[in-house]
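> Quick one, fold the following:
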Amino acid sequence: MNVEVTRGNLVESIHHVAAAAVTPRGDVILSTGDISSPVFLRSSAKPFIAAAAIAAGVRERFGLDMREIAAMTASHTGQPFHVEAVESILKKIGVDESALHCGVHYPYNEAAANALREHGEKPHTVHNNCSGKHAGILALCKVLGADLSTYLDVDNPAQQAILAFCARMSDDDPATWPLGVDGCGIPVYATSLRKAAMAFARFASLTEVDSRDAMALLVVRDAMVSHPEYVSGTGEFDTMLMTAAGGSIACKAGAEGVHGVSMIPEGIGFASKVADGASRARAPVTMAALKALGSPVGDATELRAFAHPVVYNRAGRAVGEIRVAANFAIEQASSRT
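Below you'll find the model as predicted:
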């Protein structure tokens, strides 16, 4: 699949995308491009990382609420309610902000970043878009009795529990799959888009997994769809998509143009990767896939700006668009790949 960026009547840039829609058993429904080579899921893995912590009992141990659990899945934009949720998790687990090793950056939300600047304040680790995930991993360390100071290390029991859980979701072997280091410092794994889509199908259907894992997935899924603003932020694609879907979709974007979607009533998972990592191609691909799969959300009016983003110049004039190539249809697959 190609995503085109136009300027005037010409195609100025092209992004190549691979994607798959899959059942919980791994049957491919739709596919395009290479869905067999390993891809780092980056932040698209966060729902499964959070579910690993939930399966270990962090919710019951620390009395975490659904907003806090949603924040554990988040690539948040640093808005005040995001920061409050992360700080609340840290308070409940009895850990200081200094225990977070995710690094510091200004909030991605422009208003939140400007508010800090206007008050002469610098951002803190809680403003990092991955701080909720890190707080959840620290909670997992507490439950497991693991060393909080080494929670980023792959050999830490919390990371081992996370990798084992994620591997169960995609039928992988955590001892052999490719590992790297994510932008926030934790181990990040790579799997094929087919297997990633299968994991999101299991997240949708709660089938093909054991009952304990299914219950953890359900808690995380319910947190995401009931509080989508905590998963990304005001006006962001994941938040807008889940809001428009009204509980029928859970989704999570990842860096370098990755996206995972769970179509809950249908029990279908979708995963995509933009080859050059351009995030601007992600939403049009997901919207095209949802439409091809028969989801009414694929034609939602409130999501039109994500399905067909307009390219503006500095003066605010529309000068082009971002679109899935009109001459390309998602290929239908009849068998597993």
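> need the helices for the stretch 101-250 of the chain, in chain order.
Secondary structure of the stretch 101-250 of the chain by DSSP state H, counting those that start in this stretch: the helices cover 110-118, 131-144, 157-170, 193-205, 211-226, 237-245.
> ok, and for the first one, which residues are buried?
By that I understand helix 110-118. Applying a neighbour-count criterion of 16 or more other CB atoms under 10 Å, one finds 112-113, 116 buried in helix 110-118. Any C-beta I mention is one placed from the backbone N, CA and C, and that applies to glycine too.
> mind checking the SS state of the spatially most central residue of the chain?
Central residue of the chain (CA atoms, centre = their mean): residue 252, 2.4 Å from the mean position. The three-state label given to residue 252 by DSSP: H, G, I helix; E, B strand; the rest coil is strand.
> ditto for residue 75
When the rule is three-state DSSP, residue 75 gets the label coil.
> That one and residue 253 touch, don't they?
Yes - under the contact definition of CB atoms under 8 Å, residue 75 touches residue 253, with a separation of 6.4 Å.
> which residues do those two both contact?
Both residue 75 and residue 253 are contacted by 43, 232, 238, under the criterion CB atoms under 8 Å, 6 or more residues apart in numbering.
> ok, of the residues you listed, which one's closest to residue 205?
Set against residue 205, the nearest of those by CB to CB is residue 238 (20.0 Å).
> quick one: contacts for the closest residue to residue 22 other than its chain neighbours?
Taking CB to CB, 6 or more residues apart in numbering, and ignoring the residues beside it in sequence, residue 22 has residue 197 as its nearest neighbour in space, at 3.8 Å. For residue 197, the set of contacting residues under the criterion of CB under 8 Å, 6+ apart consists of 20-22, 35, 260, 269-271.
> which two in those are spaced the farthest apart?
Of all pairs drawn from those, the one with the longest distance (CB to CB) is 35 and 260, at 13.2 Å.
> So for the two, which residue has more residues nearby?
A side-by-side neighbour count of residue 35 and residue 260, using other CB atoms under 10 Å, places residue 260 first with 28 against 25.
> secondary structure element for that one?
strand 258-263 (DSSP states H and E).
> Tabulate the CA atom coordinates of that strand in PDB.
As requested, the backbone C-alpha atoms of strand 258-263 are provided in PDB (Å, rounded to 0.1, in the frame of the first residue of the first chain):
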ATOM      1  CA  VAL A 258       3.400   1.500  13.800                       C
ATOM      2  CA  HIS A 259      -0.300   1.100  14.700                       C
ATOM      3  CA  GLY A 260      -2.300  -1.600  16.300                       C
ATOM      4  CA  VAL A 261      -6.100  -1.800  16.300                       C
ATOM      5  CA  SER A 262      -8.600  -4.200  18.000                       C
ATOM      6  CA  MET A 263     -12.000  -4.300  16.400                       C
END
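> Would you list the strands that it pairs with, along with their directions?
strand 249-254 (antiparallel), strand 268-274 (antiparallel) (DSSP bridges).
> now the first one and helix 237-245, what's the angle there?
To tie it back to what came earlier, the one meant is strand 249-254. Using axes from the mean of the first three to the mean of the last three CA atoms, to 10 degrees, the interaxial angle of strand 249-254 with respect to helix 237-245 works out to 170 degrees.
> now do the last one
Per the same axes, to 10 degrees, the angle that strand 268-274 makes with helix 237-245 is 150 degrees.
> Start and end of stretch 50-66, how far apart?
12 Å (CA to CA, to the nearest Å).
> for stretch 290-308, that is, sorry about that
14 Å.
> Show me what counts as buried in it.
If you call a residue buried by 16+ other CB under 10 Å, then stretch 290-308 has these buried ones: 290-293, 295, 297-298, 300, 303, 306-307.
> Fine, thanks again, bye for now.
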